[in-house]
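**Student:** The sequence isn't on hand, but the structure is:
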């Protein structure tokens, strides 16, 4: 049976269920499969005319092992995606013959995070009910993960959920989608700091073994392998369809800050999906773009932008790629990450970067460019982009100029109504919220504002949650 190992090499090998509940490994690393299952050419060909749930079942089955049976996986997938408003789950919108937008925002909270978290909520429920366990889910969000996680776990009897978001650094729609969910098992904390501060607090809680065991902590951030797995599916789904239509492999342009979404594309490519390049799109907080340009990973201060979900300097999931680049040496990753945290930047050698650039390209868009892309896309196509998707579309357009024969898919990661101010700045009016969220601004909010202090946050969790 496929097992999971830590990127830092000092945590026990786990099965899929234990890996899902653990989230972060005991040694501070991230879990990855000990080997990547492969899809045969025949399997990939068959997937080109299968629906999304059929593709998801086939992609996921070798990863879940004996922890979820084939019939159980089918039931979980059907329950996870029944609330999506488009029959294709993640439809492809065609801009021109070689340029597509993959819409990932048809879930209940209008963001791509729903694709993973609706699945994860069902998986948690399945595992916890079978084991008669209860957990405390702790997560950090730069905007969309929090609402998607809360939507997936609200009201569940076997899980309490605590979400940290940066105070006054998410859009009002994003905040209200979290803080207006008044459920007994949902707790929102606004941290006085950046998303990186929130993420550091979550990691610190997991690394505090006594607190972790006392509160039965579990994670739903993109550090959780099951979330990555759910995202792998849409890369396979889209790439096999486009290869069948065009006869060519597609490149995918992914707006990202935490590297989780684009890492899922890397896993899909490793499985054999017909993916040409993965193009990393960043905003002004361009640590990833600078890395792909120079081979140097170096933090700068986090600047607020029109695309707040990407206002990140510590890209947690990059560690998973680094593990492969270092020949799956946990000790090498451990040393590098400790150095990066405590001392400063690290640099990869030219030979390694040559391998990296064969798989990845990158680009960046500042706020002015993002606004211009939203305006131009609306004028040319009558299509409204949210600012994160606009970063992806802008970088995709630049990539296509240099690679004119490429088939390109830009990932649309959120509905534009989640970022009304940024959209209005570009096209002069605010997009309407879909009907289920029409009264969002009138709903009562409930959240706590706390400093970026581990002791205060742990005290809050202990006082509110009784296991």
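**Tutor:** Ah, there it is. Because the structure is predicted, anything quoted here is derived from the model rather than measured. Numbers count the residues shown, from 1 in each chain.

**Student:** Show me which positions of the longest helix anywhere in the chain end up buried.
**Tutor:** Looking across the chain with DSSP state H, the single longest helix is helix 225-246. Of all the residues in helix 225-246, those buried under the rule 16 or more other C-beta atoms under 10 Å are 225-243. (C-beta placed from N, C-alpha, C; glycine too.)

**Student:** continuing past that helix, what's the next helix or strand?
**Tutor:** Sequence order places strand 250-255 as the next helix or strand after helix 225-246, per DSSP states H and E.

**Student:** Need the contact partners of that following strand.
**Tutor:** With contact meaning C-beta atoms under 8 Å, 6 or more residues apart in numbering, strand 250-255 is reached by 100, 102, 235, 238-239, 242-243, 261-262, 265, 274-283, 307, 310, 361, 388-389, 391-393, 395-396, 399, 403, 406-411, 413.

**Student:** Can you check what angle separates it from helix 225-246?
**Tutor:** Strand 250-255 runs at 140 degrees relative to helix 225-246, counting by axes from the mean of the first three to the mean of the last three C-alpha atoms, to 10 degrees.

**Student:** Could you list the paired strands of strand 250-255 along with their orientation?
**Tutor:** strand 275-282 (parallel), strand 407-412 (parallel) (DSSP bridges).

**Student:** In a markdown table: these, plus mean neighbour count and distance to residue 124.
**Tutor:** Below are the strands paired with strand 250-255 laid out as a markdown table (neighbours: other C-beta atoms under 10 Å; distance: least, C-beta to C-beta, whole Å):
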| stretch | mean neighbour count | distance to residue 124 |
| --- | --- | --- |
| strand 275-282 | 25 | 29 |
| strand 407-412 | 27 | 25 |
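
**Student:** Ok, which of the ones you listed comes nearest residue 293?
**Tutor:** strand 275-282 (10.5 Å; C-beta to C-beta).

**Student:** mean confidence for the closest one?
**Tutor:** Average pLDDT, strand 275-282: 98.

**Student:** How far does it sit from its chain's centre?
**Tutor:** Chain-centre distance of strand 275-282: 15 Å, with C-alpha atoms, centre = their mean, to the nearest Å.

**Student:** can you check stretch 349-369 too?
**Tutor:** Mean-position distance between stretch 349-369 and its chain equals 19 Å (C-alpha atoms, centre = their mean).

**Student:** Mean confidence (pLDDT) on that stretch, please.
**Tutor:** 97.

**Student:** and if you look at stretch 402-410?
**Tutor:** With pLDDT averaged residue by residue, stretch 402-410 scores 96.

**Student:** Contacts for that stretch, please.
**Tutor:** Against stretch 402-410 from outside (C-beta under 8 Å, 6+ apart): 92, 98-102, 238, 242, 246, 248-253, 276-277, 389, 392-393, 396, 399-400.

**Student:** Now with 6 Å, please.
**Tutor:** 98-102, 238, 242, 246, 248, 250-253, 392-393, 396, 400 (C-beta atoms under 6 Å, 6 or more residues apart in numbering).

**Student:** what's the span of that stretch from first residue to last?
**Tutor:** End-to-end distance for stretch 402-410, by C-alpha to C-alpha, to the nearest Å: 16 Å.

**Student:** For the stretch 101-250 of the chain, just list every one of the strands.
**Tutor:** Taking DSSP state E, counting those that start in this stretch to define them, one finds strands in the stretch 101-250 of the chain at 135-140, 159-166, 186-192, 217-219, 250-255.

**Student:** Any idea which of these gets closest to residue 3?
**Tutor:** Per C-beta to C-beta, nearest to residue 3 of the strands of the stretch 101-250 of the chain: strand 217-219, 18.9 Å.

**Student:** Would you mind confirming that residue 314 is in contact with residue 196?
**Tutor:** Yes - if you go by C-beta atoms under 6 Å, residue 314 and residue 196 touch, sitting 5.1 Å apart.

**Student:** ok, back up a step: just the buried ones from the contacts of stretch 402-410?
**Tutor:** So, by 16+ other C-beta under 10 Å, the buried ones in the contacts of stretch 402-410 are 98-102, 238, 242, 250-253, 392-393, 396, 400.

**Student:** From the contact counts, what lies against the helix or strand of the chain with the lowest mean pLDDT?
**Tutor:** None of the helices or strands of the chain scores lower by mean pLDDT, DSSP states H and E than strand 217-219, at a mean of 89. Counting by 3 or more C-beta pairs under 6 Å, 6 or more residues apart in numbering; DSSP states H and E, the packing neighbours recorded for strand 217-219 are strand 135-140.

**Student:** repeat that for 8 Å
**Tutor:** On a contact count with 3 or more C-beta pairs under 8 Å, 6 or more residues apart in numbering; DSSP states H and E, strand 217-219 meets helix 16-22, strand 135-140, helix 195-207.

**Student:** buried residues in the longest one?
**Tutor:** Pointing back at helix 195-207 there. 195, 196, 197, 198, 199, 200, 201, 202, 203, 205, 206.

**Student:** And these, which two are furthest apart?
**Tutor:** The farthest-apart pair in those, when distances are taken by C-beta to C-beta, is 195 and 206, at 16.8 Å.

**Student:** any low-confidence regions in the stretch 201-350 of the chain?
**Tutor:** Within the stretch 201-350 of the chain, no range satisfies pLDDT under 70.

**Student:** 80 instead, please
**Tutor:** 221-222 (pLDDT under 80).

**Student:** if we can go back for a sec, from the buried ones among the contacts of stretch 402-410, which single one is nearest residue 434?
**Tutor:** Once C-beta to C-beta is applied, the member of these that ends up nearest residue 434 is residue 101, at 17.9 Å.

**Student:** could you list every residue that touches that closest one?
**Tutor:** Contacts of residue 101 by C-beta under 8 Å, 6+ apart are 92, 93, 95, 383, 389, 393, 409, 410, 411, 412.

**Student:** Just to check, residue 390 is in contact with residue 374?
**Tutor:** Yes - Residue 390 is in contact with residue 374 according to C-beta atoms under 8 Å; the separation is 4.8 Å.

**Student:** Quick check on these two: which one has the bigger neighbour count.
**Tutor:** Neighbour count, other C-beta atoms under 10 Å: between residue 390 and residue 374, residue 390 has more, with 33 against 28.

**Student:** give me the low-pLDDT residue ranges for the stretch 1-150 of the chain?
**Tutor:** 143.

**Student:** what about the helices in it?
**Tutor:** Along the stretch 1-150 of the chain, counting by DSSP state H, counting those that start in this stretch, helices occupy 16-22, 41-47, 52-64, 70-81, 113-131, 144-153.

**Student:** what's across from residue 92 in the sheet?
**Tutor:** Here residue 92, judged by DSSP bridges, has bridge partners residue 102.

**Student:** show me what contacts it?
**Tutor:** With C-beta under 8 Å, 6+ apart, residue 92 has these contacts: 100, 101, 102, 103, 238, 241, 242, 409.
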